[in-house]
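[1] structure for this input, please:
(one chain, ligands or ions: 1)
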Amino acid sequence: MRKPKIAVVCHRGEIPGPNRVLPDSIGTTYISAIVKAGGLPFLIPLDYPLEDLSVIRESFDGLLLTGGGDVETRRYNGIEHPSVSGVWPVRDEIETRLYRTAIETGWPVFGICRGVQIMNVAAGGKLYSDISDQVPTHRFIHPQPVGTPRDKLVHSVKIEPGTLLHRIIGKDSIPVNSFHHQAVSIPGEGMVISAVSEDGIIEALENPAHPFVLGVQWHPECMQQYDDQMKLFRAFTEACGQRSS
Ligand code: MN
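    Now for the predicted structure:
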């Protein structure tokens, strides 16, 4: 069986200073996780022409939506907040359209951090634009400070029995890292909650009407030494492989 080809939408960095050309790039941990799981990663730049998105759908076996800046607040009629940063409407648009294509055509999608958030917004759901201000019951610092080791286990998540996530991990609870100041507040159309943190923040969503539409709020690609986290990439790659064989 040939290796499944996985489209990875890029992150756009913000580089200060005049006369700089902005790069579209992706963290190397996402790439190494896909490769270790048996997939072949391909990067999609943010200025890829929207009228030709069908070529991406036809060319690749699955879609990975990664972390990055915040989704534009007005896209989900959210509360504007001074902590919102790194907004690139062009990224919101390409990821929204690719997600909707996936839902229409049964394309496997795996979302990580911002990935689960844009999936939810694309499905008509809503986000807290800032957990610390809008969720008074939060008990953990979900946005760990800059410089915190990316594999630091901060809180655990309770995994809902009967979900795809539970079938993949095979456990009721796992510890995770946490680098997000936003979170899902209202799940979008077709989305069910598959994991929640100990302080009640939604940490994973999935769409059970599809073979593999899953998003997690933590960063499994930064915890590759833990087999439970690599199970996510293996399950995603296997789902993509079932479409490529
Ligand atoms: Mn968290």
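[2] is P175 part of a helix or strand, or is it coil?
    With DSSP: H, G, I helix; E, B strand; the rest coil as the basis, P175 sits in strand.
[3] A7 now?
    Three-state assignment for A7 (three-state DSSP): strand.
[4] what pLDDT does the closest residue to it other than its chain neighbours get?
    Leaving out its chain neighbours, the residue that sits closest to A7 by CB to CB, 6 or more residues apart in numbering is F60, at 4.1 Å. Every residue, glycine included, has its C-beta placed from N, CA and C. Looking at F60, its pLDDT reads 98.
[5] mind checking how far the closest residue to the ion within the chain is from K152?
    Of all residues in the chain, S178 sits closest to the ion, at 3.3 Å by CB to the ion. From S178 over to K152 the distance is 8 Å, taken as CB to CB, to the nearest Å.
[6] for E80, give its distance to G241.
    Following CB to CB, the distance that separates E80 from G241 is 42 Å.
[7] same question for S194.
    22 Å.
[8] who's more crowded, E80 and G241?
    G241 (20 against 9; other CB atoms under 10 Å).
[9] contacts only, for the more buried one.
    When the contact criterion is CB atoms under 8 Å, 6 or more residues apart in numbering, the partners of G241 are M1, K3, P4, G38, G39, D61.
[10] D70 is in contact with G86, isn't it?
    Yes. At 5.8 Å, D70 counts as touching G86 under the criterion of CB atoms under 8 Å.
[11] who's more crowded, those two?
    Ranked by neighbour count (other CB under 10 Å), D70 and G86 place D70 first, with 23 against 14.
[12] which residue packs closest to the more buried one, ignoring adjacent ones?
    Looking at D70 with CB to CB, 6+ apart, the closest residue is V84, at 4.8 Å.
[13] got it, and Q229?
    Distance criterion CB to CB, 6+ apart; nearest residue to Q229, sequence neighbours excluded, is P220 at 3.9 Å.
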